[in-house]
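Novice: Could you work out the structure for the sequence below:
(3 chains)
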Amino acid sequence: MSAPILTVEHLTMRFGGLTAVNDLSFLVYAREITALIGPNGAGKTTLFNCITGFYKPTVGRLTLAHPDGASFLLERIAEFRVAREARVARTFQNVRLFAGMTLLENLLVAQHNALMVASGYTLLGLFGSRAYARAQAGAIDKARYWLDRVGLIDRADDPAGALPYGAQRRLEIARAMCTDPVLLCLDEPAAGLNNRESAELNAFLRAIRDEHGISILLIEHDMGVVMEISDHIIVLDYGLKIADGSPREVRSDPKVIAAYLGVPDEEVAQVEAEVGL
Amino acid sequence: MANESEPAKPLDLPAAVKEAAIAALVALGLFMLLIGIRTDQGPTGALVFTTRFGALAAIVAAVFVATLIRATLLRGAGISVARLLPASVSTAASALTGYAAAAFLVFALIVPIVFYGNRYLLDLAILIATYTMLGFGLNIVVGLAGLLDLGYVAFYAVGAYSYALIAHYLGLSFWICLPLAGILAAFAGLLLGFPVLRLRGDYLAIVTLGFGEIIRLILLNWQNFTGGPNGVSAIPRPSFFGLPFNPSEHGFAATFGLAYSPTHRVVFLYYLILALALLTNWVTLRLRRLPIGRAWEALREDEVACRALGVNTTTTKLTAFAMGAMFGGFAGAFFATRQGFISPESFTFAESALVLAIVVLGGMGSQLGVAIAATVMLGGFELFREFDQYRMLVFGGAMVAIVIYRPRGLVATRTPSVSLRDHKDIPAAIVRDARTETAA
Amino acid sequence: MEYFVQQLINGITLGSIYGLIAIGYTMVYGIIGMINFAHGDIFMVGAFLALIAFLVLVAIGVTAVPLALFIVLLVSMALTALYGWTVERIAYRPLRHSFRLAPLISAIGMSIVLQNYVQIAQGARVKPLPPLVQGGYTLFEGNDFAVRLSNIQIIVVVTTLVLMAGFSFLVARTRLGRNMRACEQDLKMAALVGIDVDRTISLTFVIGAALAAVAGLMFLLYYGVIDFFIGFLAGVKAFTAAVLGGIGSLPGAMIGGILIGLIETMWSAYFSIEYKDVAAFAILIIVLIFLPTGILGRPEVEKV
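Specialist: Residues are numbered from 1 along each chain as shown, chains lettered A, B, ... in the order given. Next comes the predicted model:
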């Protein structure tokens, strides 16, 4: 087990009277695939939004540690900076692509910041600087690489809105990869995929972890995917953490089973006490 | 749905008559007081009225007949209004974009030569070119970045007044004042951009409208500085790089051995605005291929996704406003020097609405579309000059009709800024404008 | 002090008129998420209809002012409601599933149409009406200044209160009100549970227009003069009021209206009358920056 890349400490998120995430603490280890599971409404996407800077947590600390030693307090950083400086990339539960732009353009937007600098914040680029042309060619190469990895290279010039659902999800991951992240947060990447596609996704995620050394945090409901590729699983229910461990440990944890499958009426009180509700 | 064609239905006369009768009744209710009665101030200043029941009856009858026709003949034959309007214009315009653009440009260049003797047409050409440039400028904000700006006239005004006042108080030449006007307008664009950063769709629109009105009201009321309702007059006219357009021996005509003619200046003005418009066009096309342009379009498609990718949407929006404003300012400076006199009356909300209509009709984001739309709208306006009062009425109705039947405008495709293998155009139906959560 | 109280009274009266118009904006925005840009011009049409109806009534012999006003109120409400209904049918309903900007652009076009229609039909010059409701009460005096509460001011405020109460009842207790609230929450779901969404939306526009008609009549009686352009400015200010109070909130619309009326009146009285419209626009901008959901609005959390 390597060093933790993300440390979540006492994270709480309240919306008025509703507590979506309740005193949550856990670690995400570097170069591992960590899965976040739990019934609907457990607070998983809220947690993602806190990590990626879209929500400001009510209480808590989120520390991101880069392999080179740089450290970031994510709860204080605006979302675009989380992506740009802390290098945390994410995908969305309802895919958010730039539908009217081509696949290639989508992936170029992901490389916006590097290209902006190379274009001299537009001024150099406006007058046709050679350096910018080189940078753009490099960016297109990177885009080409990732489109190839997700099997969409043939449709590079098609509008993203014209892709079938599964392809859109893959494109979103490819686009996230183009931002050169150290932590990749995926929100239900396997939703709507059939068995074959899920298997391909598994292989792809493992390859990202192994070949590129990127840590992955994913929200998922598909237990096949979760159990298959996760190094580490965290289980949430009603905003609370109810389990934290390896797939084998989590699979046989009675609290987890209770949360997912429910329990006979007689045992409700007992289980609730155990879980802390 | 306005654009679906309806299947042919059997002729159902009683139902059609009933529909027509209801429509006529509604028309009667709507027009009975406002058209049937005409109020005027009588000799004592109090209101008197006359009746116009003839006109009322005619209109109600017309509504009855029109509805009857629509309910019977058109539906029966499976024709819907949408199909009567040439859909082919959109597809043709898209397919021939390259050729059309070239042809348009050539035509624009030779207009002064072809119509040299016709001062009226030259003035019209200048007007169209001015609004085309305004359309290009607003296109950056609305078409590319998807920020609905209803107060664009503010930047036009800032540019015009900046030029007029700087030339007036500091006596600098046009060529120095022009960039200054643009910079000041860009600054105004930033000023507008800051408050609206977090606003969406309709709210953004209303605030920009407010901004436009605030500028106009300040110009109207700050008598000491801007001349108030009297405006600024005696604005220096442009010279041909130092050679004035007058009959003197140092004038343009004398220097080039031509007989003096006031048309010289008009032609110069035309080429000047054409050059400015082409500059705006060139810059916009280049910016589209640069990261900033792509970021604008991505912003329009999905702002949340932009932020998740590390794009600083704040600076992106501000840049869009500033760029759009700058070009509006250039156009304003041109306007000031062309007219020689400006007043707040030229900078009302109606102007913003007109430029917005041009951008929307043109097919947001398309440069060629904007040029065509400006020509059509302003040309149309001029054609109906005698019907001054009805012009605006028709303009408003046209806006409604266009957005219902041809919502994507004339050029209904988007050209990608970069491609790997094939450069394919994207149909407008897939391209999104600024996305918000509350669309019905 | 006396001057201030007088401005207070004037401001509340003006604010009531704005509030009535603001309700139309807030209802429509709440239910279909669009700014009915033409709503201010509906108010203007209502004022004109009231004016003409009154002239006709006088001409045919109805000279008792209260009776005439009552009939004028009903007639103008009915006909203005017809305008509201027609505008929605023609310009907005076809665009319900179109892209985001479409209804706004259509509304702008409709606003231009209405303004020019009235301008052509009735001429561009102002239309004056002799003061119909006269008299009032002197509340108290001091410092050479008498604070007056005129009858028309009483009528405006009382009418507004009555309508507000009636309308709140409608929204809270009746079936139509429930349908409106359902559509406001989730249009698709409302349709799925069997609510006639088209009809509910139409009625929303109709009611908004009727209230705007009342505002138009009040405006006519209070100021005594109207022209085809009053809708633009009143519309923007009323929309500001709706936003200030919290868009989608009925009491918010009224509170916002009163506030805008007060601010405008105080600004004219104590600072400068030329820039009073600037004050309204400036407030709009300030409110939207610092209080985007307004005073009584629900804070919206962006769903990511």
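Novice: what domains does the record give for chain B?
Specialist: B:13-84, B:90-427 (automatic domain parsing).
Novice: most packed of the ones you listed?
Specialist: Comparing the domains of chain B by mean neighbour count (mean count of other C-beta atoms under 10 Å in any protein chain shown), domain B:90-427 comes out on top with a mean of 21. In short, each C-beta sits where N, CA and C put it, glycine included.
Novice: Hmm, C:K127 and C:Q119 touching each other?
Specialist: No. Using C-beta atoms under 8 Å, C:Q119 makes no contact with C:K127, being 11.6 Å away.
Novice: Those two: which has the busier surroundings?
Specialist: Counted by other C-beta atoms under 10 Å in any protein chain shown, C:Q119 and C:K127 do not tie: C:K127 has more neighbours, with 21 against 17.
Novice: so what's the backbone phi/psi at the residue lying closest to the more buried one once chain neighbours are set aside?
Specialist: The spatial neighbour of C:K127 that comes closest, neighbours along the chain excluded (C-beta to C-beta, 6 or more residues apart in numbering or on different chains), is C:I226 at 5.3 Å. Phi and psi for C:I226, reported as degrees, to the nearest 10, are phi -140, psi 160.
Novice: how deep is C:I226 tucked in, by neighbour count?
Specialist: Neighbours around C:I226, by other C-beta under 10 Å: 23.
Novice: and the gap between it and B:A160?
Specialist: Counting by C-beta to C-beta, to the nearest Å, the gap from C:I226 to B:A160 is 32 Å.
Novice: Indicate which one of the domains of chain B is closest to chain C.
Specialist: Chain C sits nearest to domain B:90-427 of all the domains of chain B, at 3.1 Å, using C-beta to the nearest C-beta.
Novice: By proximity to chain B, which residue of chain A wins?
Specialist: Closest point on chain A to chain B, by C-beta to the nearest C-beta, is A:G100, at 3.0 Å.
Novice: ranges for the helices of the stretch 301-440 of chain B?
Specialist: B:303-308, B:313-339, B:349-362, B:367-383, B:388-405 (DSSP state H, counting those that start in this stretch).
Novice: now for these, which one comes closest to B:L197?
Specialist: Among the helices of the stretch 301-440 of chain B, the nearest to B:L197 by C-beta to C-beta is helix B:313-339 (5.6 Å).
Novice: Tell me the residues on chain B that lie near chain A, please.
Specialist: B:283, B:286-287, B:290-292, B:294-295, B:297-298, B:301-302, B:304-313, B:414, B:416-424, B:426-427, B:430-432 (C-beta under 8 Å from any C-beta of the partner chain).
Novice: before we move on, back to that, in TSV, list the helices of the stretch 301-440 of chain B along with distance to B:I37 and mean pLDDT.
Specialist: Listed next are the helices of the stretch 301-440 of chain B as TSV, based on distance: least, C-beta to C-beta, whole Å; pLDDT from 0 to 100:
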stretch	distance to B:I37	mean pLDDT
helix B:303-308	51	94
helix B:313-339	41	94
helix B:349-362	28	88
helix B:367-383	30	88
helix B:388-405	18	85
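Novice: Kindly reformat the ones you listed as TSV containing distance to C:L57.
Specialist: TSV is the format used below for the helices of the stretch 301-440 of chain B (distance: least, C-beta to C-beta, whole Å):
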stretch	distance to C:L57
helix B:303-308	55
helix B:313-339	49
helix B:349-362	35
helix B:367-383	41
helix B:388-405	29
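Novice: Heading C-terminal from the host helix or strand of C:G19, find the next helix or strand.
Specialist: Element membership for C:G19, per DSSP states H and E: helix C:2-32. Note on helix C:2-32: by DSSP H and E, the next helix or strand toward the C-terminus is helix C:39-59.
Novice: Just give me how far that following helix sits from the chain centre.
Specialist: 15 Å (C-alpha atoms, centre = their mean, to the nearest Å).
Novice: any residue of whatever helix or strand comes next after it up close to chain B?
Specialist: Next helix or strand after helix C:39-59 toward the C-terminus (DSSP H and E): helix C:65-87. Yes. Counting by C-beta under 8 Å from any C-beta, chain B has neighbours in helix C:65-87: C:78-79, C:82-83, C:86.
Novice: Please work out the average pLDDT along helix C:65-87.
Specialist: The average pLDDT within helix C:65-87 is 94.
Novice: pull the CA atoms of the least confident helix or strand in chain C by mean pLDDT into CSV?
Specialist: Ranked by mean pLDDT, DSSP states H and E, the helix or strand of chain C with the weakest confidence is strand C:136-142, at a mean of 79. Taking Å, rounded to 0.1, in the frame of the first residue of the first chain, the C-alpha atoms of strand C:136-142 are listed here in CSV:
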residue,chain,number,x,y,z
GLY,C,136,-58.0,63.2,-0.4
TYR,C,137,-57.1,63.8,3.1
THR,C,138,-54.5,66.0,4.7
LEU,C,139,-52.9,63.7,7.3
PHE,C,140,-50.9,66.3,9.2
GLU,C,141,-48.9,69.4,8.7
GLY,C,142,-45.7,70.8,9.7
